[in-house]
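>>> Predicted model, plus sequence, below.
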Amino acid sequence: MGGASVHALPAAWFQQEAYLHLTDMPPLPTEAQTGLSDSEARLRALFESAMDGIVTIDATQRIVLFNKAAERMFRCEAAQALGHPITRFMPQRFRGQHAAHVEAFGTTGITTRRMGSIGAISGLRADGEEFPIEASISQVEIAGQKLFTVILRDVTERVQNELRLREQQETLAAVIDAASDAVISCDEDGRIVLFNPAAERIFGRTAASMLNQPLDSLMPERYRSGHGADLHGFVESKVTRRAMGAGRVKGVRADGEVLELEASISRAVVNGKLTLTAILRDVTQRARAEEALLRYQSELSDLAQQLMHQEKETTQRLAQALHDQLGQTLTAIRLTFDASAANAQDVQASGKARQQLGGLIDQAIKQVRQVLVDLRPPLLDDDGLAAALDNELRSRDLTLPGIDLLLEVEPEVSRTRWPADAEYAAFMVAREATSNAVQHAKATLVRVVLAGDESQFRIEVIDDGQGWPLDTQIARPGHLGVVGMRERALATGARFSIAPNPGGGTIVRLDWGAHR
């Protein structure tokens, strides 16, 4: 038996009492006997009232004293313990070595020592229950007889509490290690004392490199100056938990990337020292998605306004075309017809009128076709995307001197047809991109490239202009700009992108087909 130190009553008292019971002593004078009886009574009272178990054994390691605390501890009355080997109250696995240990102790000349070498040892109750104890042993020799006294303390409750505490600590450590959120603890001076694996992953730093480092080293430089005051304010506030900042703070990775973090901080006293613990969740991607959503909603709002504006412009343009152009042409036709009817007898005048009438009819047809082309090119439905693009660039080329508009179409796709909605979206994107390149980017060369097969196609508008600010929405009155082009692509399941042209200018690209 052995373990951590316990309070030990003076061992000689118990050996002396054992000696009084085990040896025959010559009669003492009456006064001496009275004093000895009083001493023995006080000693026995102390012995029996001790809260620790006290057991005395002789040189053969048989029990000669067994106090009340020992009876309660081992659930065995003294009468049933006296005369039995002390090993009766040890687990079987310890009994073989115990006798040798006690004998070795008896030869050392040391009067008292702890039993065991690594803390609590085990005892065995009379009913077979094993339990942890702490013990110390002392020795004394009286009238040539060596006696050993063991003082025992049942530490079952303490060991169970320590075990529960250790289990709780291990559970907490496992939870902290497995947490997906960063858990970082620091002292009241802001020095890091705990840095869990999630914190290592989020901040790109090892725990070993961060221990004892200031907490504000995980913040962007511009936020550090006010951090100390905020931390001190929290310490002084006596609040146990609160959100940091407005619920979100900025962090910085080891590579310099700025992080958006949801954060809360709590306080606790551990081993008499104030510990502050921050729990941080990386919401950088979510924040970016929220910003993108807000931007997208703003763009859609702008697009809706632009669509309404375009609808108004288109209506006005159609009304003007019908009234000013087609209406005038039809009026001229009517006047010419009336004149030809009035001069029906004059062959020469009648022939000239009919010639003028034919020209006006051709002009009316042309004007109607132009209106239709502006709305939706008939060639797109009749002959396909390549033919419609060719016609669009040829007609623009006539009105844009000094600007080269080229169409590059792979021979195998020149007559290929795709779904009508995909062809229409591609045509409108190419038309819009060409207009932007000429009017905004001041391009002098615009190439429209069409490639693909029956299941997919790619259309690119490549210019040599000034380039577009990729974070802006370029649009001119009556047109939808970048947002409109992107939404047209999304509506048909196509991919839309804008990128700088390595040779200068911009590349607008739409991919439709097999990737969907």
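Nice, thanks for sending it over. A quick note: this is a predicted structure, and the numbers were derived from the prediction, not measured.
>>> Identify each buried residue in stretch 381-398, please.
Residues Asp383, Gly384, Leu385, Ala386, Ala387, Ala388, Leu389, Asp390, Asn391, Glu392, Leu393, Arg396 are the ones in stretch 381-398 that count as buried (16 or more other C-beta atoms under 10 Å). All C-beta spots, glycine's among them, are computed from the backbone N, C-alpha and C.
>>> any weak-confidence spans in the stretch 51-200 of the chain?
109, 111-120 (pLDDT under 70).
>>> That one: helices as residue ranges?
Counting by DSSP state H, counting those that start in this stretch, the stretch 51-200 of the chain has these helices, from start to end: 68-74, 78-81, 92-106, 156-178, 197-203.
>>> nearest to Ala426, of the buried residues of stretch 381-398?
For the buried residues of stretch 381-398, the residue nearest Ala426 by C-beta to C-beta is Leu385; the value is 6.0 Å.
>>> ok, for the closest one, nearest residue in space, not its chain neighbours?
When the adjacent residues along the chain are set aside, Leu385 lies closest to Glu423, with 4.5 Å between them (C-beta to C-beta, 6 or more residues apart in numbering).
>>> and the buried residues of stretch 381-398, which two are the farthest apart?
The span of these, defined through C-beta to C-beta, is set by Gly384 and Arg396 at 18.9 Å.
>>> Can I get the helices of the stretch 51-200 of the chain in TSV including distance to Val140?
As requested, the helices of the stretch 51-200 of the chain are exported to TSV (distance: least, C-beta to C-beta, whole Å):
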stretch	distance to Val140
helix 68-74	19
helix 78-81	21
helix 92-106	11
helix 156-178	30
helix 197-203	58
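>>> and the closest residue to Ala182 other than its chain neighbours, what does it touch?
Distance criterion C-beta to C-beta, 6+ apart; nearest residue to Ala182, sequence neighbours excluded, is Ala199 at 3.7 Å. The neighbourhood of Ala199, defined by C-beta atoms under 8 Å, 6 or more residues apart in numbering, consists of Ala182, Val183, Ile184, Arg205, Ala207, Met210, Leu280.
>>> I'd like to know which of these are part of strands.
Ala182, Val183, Ile184, Leu280 (DSSP state E).
>>> so the last one bridges to which residues?
Under DSSP bridges, the beta-bridge partners of Leu280 are Ala182, Ala263.
>>> Now do it against Glu262, distance only.
Distance, Leu280 to Glu262, using C-beta to C-beta, to the nearest Å: 7 Å.
>>> Which one's more surrounded, the two?
Leu280 (23 against 18; other C-beta atoms under 10 Å).
>>> Tell me how far that one lies from Glu257.
Using C-beta to C-beta, one gets 15 Å for the distance from Leu280 to Glu257.
>>> ok, now Arg62?
According to C-beta to C-beta, Arg62 stands 76 Å off from Glu257.
>>> try Ser455
With C-beta to C-beta as the criterion, Ser455 and Glu257 are 40 Å apart.
>>> swap in Asp187?
Distance from Asp187 to Glu257, by C-beta to C-beta: 28 Å.
>>> Alright, calling it a day.
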